[in-house]
Structures are given as structure tokens and as C-alpha cells.
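Novice: Have a look; sequence and predicted model below, questions after that.
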Amino acid sequence: PRSTLFPYTTLFRSVIAITIAILLNEITSKLFKQVYQTIILMPYLISIVVVSYLVFAMLSSESGFINNTIFKALGINPISWYTEPKYWPFILVIVHIWKVFGYDCILYYATLVGIDHGYYEAAVIDGANRWQQIVHVTLPSLLPTIITLTLMSIGKIFYSDRKSTL
């Protein structure tokens, strides 16, 4: 499963981290920005054991939040997430992305903060809307960081101790 999950994990993790970093860069309140940065980075800083307990609390068939709250309200029968192999690839990818995307997000955000505002001012003078500024200024400026983090993620394939296997 490791080799089949890796491309999806890397792709989704990058897309989510870049999107969140761009949204974080758009926040004007310093307090809200600091709170969101803390919330985003928290899963990366806590132990994988704690993360696994949180996932268990969400997915447990007897006492899990999803089965007992969401599914019950929608009238859906509980699912035994842990006993059916078809759910594991999705669980592994989602949990891994949730655990580590905060680190990437903060790195992308740090790159965004360093982009010269003159580029955005020139784009506005040329008539670019916010979306065009993101496509033509922000994403090209993020490209070196995207390449670096992708290469680092690919390099983790070669870990022999099976840490960060996705």
C-alpha cells in the first residue's frame, strides 16, 4: 500500500498546504493569524500516539464521534472502520496528511511573507484580479519551495526505519 498511496499523499498534502498558506496570508488580523497558525501546526507537534487516539475517538464503531453523532443524526448504520480493509488506504492517507501538512503549510506561508509586494502592485496596475495575482505571482514565487518540499517528501521513501512511510 505504501507505493500506491505515496503519490496521492504527496499531491493532496501539497495542495492543501498551499491553499491553507494562501488563505492564511489573506488574514489581516494578527491575533487570528497566530491562532490559526497554532491550530494548523498542532497536529505536527503532538505525538503520533495522541493522533492515533484522536482518530480512534472519531472512528470507533462503538463510541466514535462519526458513528454515534454524524451517522446517527443522518440515519446511517454505523461502520466498523477498523475491521474492513477497504477503508484503511483512505484512513492512512487522511491521517497522515492531517498530521504533517501543518509543517508544509508554515513553510509555504513563510515563503509567501517573503514575496515582494511590488510584484502584486505591478499586477494590480496591469489589471490583474486577486485570482490572477495568485496564479501569476504567488504560485510562481512558491515554486522553489514546492519543489524542495516535494523532493524532501520523495526522499522519505528511502527511510529504512519506516518512519513517515507515506
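Specialist: It's in. Numbering: from 1, shown residues only.

Novice: Cross-check the contact I'm expecting between Leu112 and Asn25.
Specialist: Yes - contact criterion CB atoms under 8 Å: Leu112 and Asn25 qualify, at 4.5 Å. For the C-beta atoms, the positions are set from N, CA and C on the backbone; glycine is no exception.

Novice: Name the residues of whichever strand or helix holds Leu41 that are buried.
Specialist: Using DSSP states H and E, Leu41 sits within helix 30-45. Neighbour counts over helix 30-45 (16 or more other CB atoms under 10 Å) mark Tyr36, Gln37, Ile40, Pro43, Tyr44 as buried.

Novice: same thing with stretch 65-77?
Specialist: Ile66, Asn67.

Novice: which residues of the chain fall in helices?
Specialist: 2-26, 30-45, 48-59, 65, 72-74, 88-113, 117-125, 130-133, 139-155 (DSSP state H).

Novice: Include distance to Trp81 and mean pLDDT when you put those into CSV, please.
Specialist: Converted to CSV, the helices of the chain look like this (distance: least, CB to CB, whole Å; pLDDT from 0 to 100):
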stretch, distance to Trp81, mean pLDDT
helix 2-26, 17, 80
helix 30-45, 19, 90
helix 48-59, 4, 89
helix 65, 12, 90
helix 72-74, 15, 89
helix 88-113, 7, 89
helix 117-125, 45, 95
helix 130-133, 38, 94
helix 139-155, 26, 90
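
Novice: returning to what we had before: pick the one among the buried residues of helix 30-45 closest to Asp104.
Specialist: Tyr44 (9.0 Å; CB to CB).

Novice: what about that closest one, distance to Trp98?
Specialist: Distance of Tyr44 to Trp98, given as CB to CB, to the nearest Å: 9 Å.

Novice: hang on, the earlier thing: tell me the angle of the helix holding Leu41 relative to helix 48-59?
Specialist: Angle, helix 30-45 to helix 48-59, by axes from the mean of the first three to the mean of the last three CA atoms, to 10 degrees: 100 degrees.
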